[in-house]
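> mind folding the following:
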Amino acid sequence: MSAAEPAFAGPAEDRLAIRERIEAYSDAVFRHDAEDWIACWAEDAVWRLPGIDVAGRPQIKAAWQGAMAGFTLAAFFATPGSIRVSGDEAIARVYTQEFLVLAAGGARRIVGAYDDALIKRDGVWLFARRTYSILHDEKA
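Numbers count the residues shown, from 1 in each chain. As a prediction, this is how the structure comes out:
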């Protein structure tokens, strides 16, 4: 996105629905709710994490459940930095703050960012691709 392009563009109702998708994702992480979390994803989605690419809803869910097993608490806060809608497709940048209590003891604080592609299927916005970058990571 260039400096001339607005960070938020497209119909307000679509941008609100995308923001609600981001918030539903965050809420599902807090609650460790795999069904609500995976409902945020398109069937053919791709989840890109540092060093890992996972494709398809079943594989994404399994990877998430494996990661979440390592935390007794996953506090996940998300703030959109941009949402640009064009028809039934959108791109977004979402900044995250995580406080993770590790099952093995200790904790981590992570600041990250997602570069997202979303699609609207049957009137519902879903993540088609989420690419995550860690901006800061510290052990507490």
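> His32 - how many residues pack around it?
16 (other C-beta atoms under 10 Å). Yep, even glycine has a C-beta here, placed from its N, CA and C like the rest.
> dump the residue contacts of the closest residue to it other than its chain neighbours.
For His32, the nearest residue in space outside its immediate sequence neighbours is Met68; the separation is 5.7 Å by C-beta to C-beta, 6 or more residues apart in numbering. With contact set as C-beta atoms under 8 Å, 6 or more residues apart in numbering, Met68 has these partners: 29, 32, 34, 74.
> all helices of the protein, in order?
In chain order, the chain shows helices spanning 12-31, 34-38, 57-68, with DSSP state H as the criterion.
> could I get the ones you listed as CSV with distance to Leu135 and mean pLDDT?
Listed next are those as CSV, based on distance: least, C-beta to C-beta, whole Å; pLDDT from 0 to 100:
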stretch, distance to Leu135, mean pLDDT
helix 12-31, 17, 98
helix 34-38, 22, 98
helix 57-68, 18, 98
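> output the ones you listed as CSV; include the columns distance to Asp116.
Formatted as CSV, the entries for the helices of the chain read as follows, by distance: least, C-beta to C-beta, whole Å:
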stretch, distance to Asp116
helix 12-31, 8
helix 34-38, 15
helix 57-68, 14
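> run through the strands of this protein in chain order.
Read by DSSP state E, the chain holds these strands, from start to end of the chain: 8-9, 41-49, 52-55, 71-86, 89-102, 107-121, 124-139.
> so which of the ones you listed is nearest Arg21?
Distances from Arg21 to each of those were compared using C-beta to C-beta; the shortest belongs to strand 124-139, at 5.0 Å.
> can you spell out which helices and strands pack onto the closest one?
The criterion is 3 or more C-beta pairs under 8 Å, 6 or more residues apart in numbering; DSSP states H and E, and the helices and strands that strand 124-139 contacts are helix 12-31, strand 41-49, strand 107-121.
> so Asp44 touches Gly56, yeah?
Yes: using C-beta atoms under 8 Å as the test, Asp44 is close enough to Gly56 to be in contact (6.6 Å).
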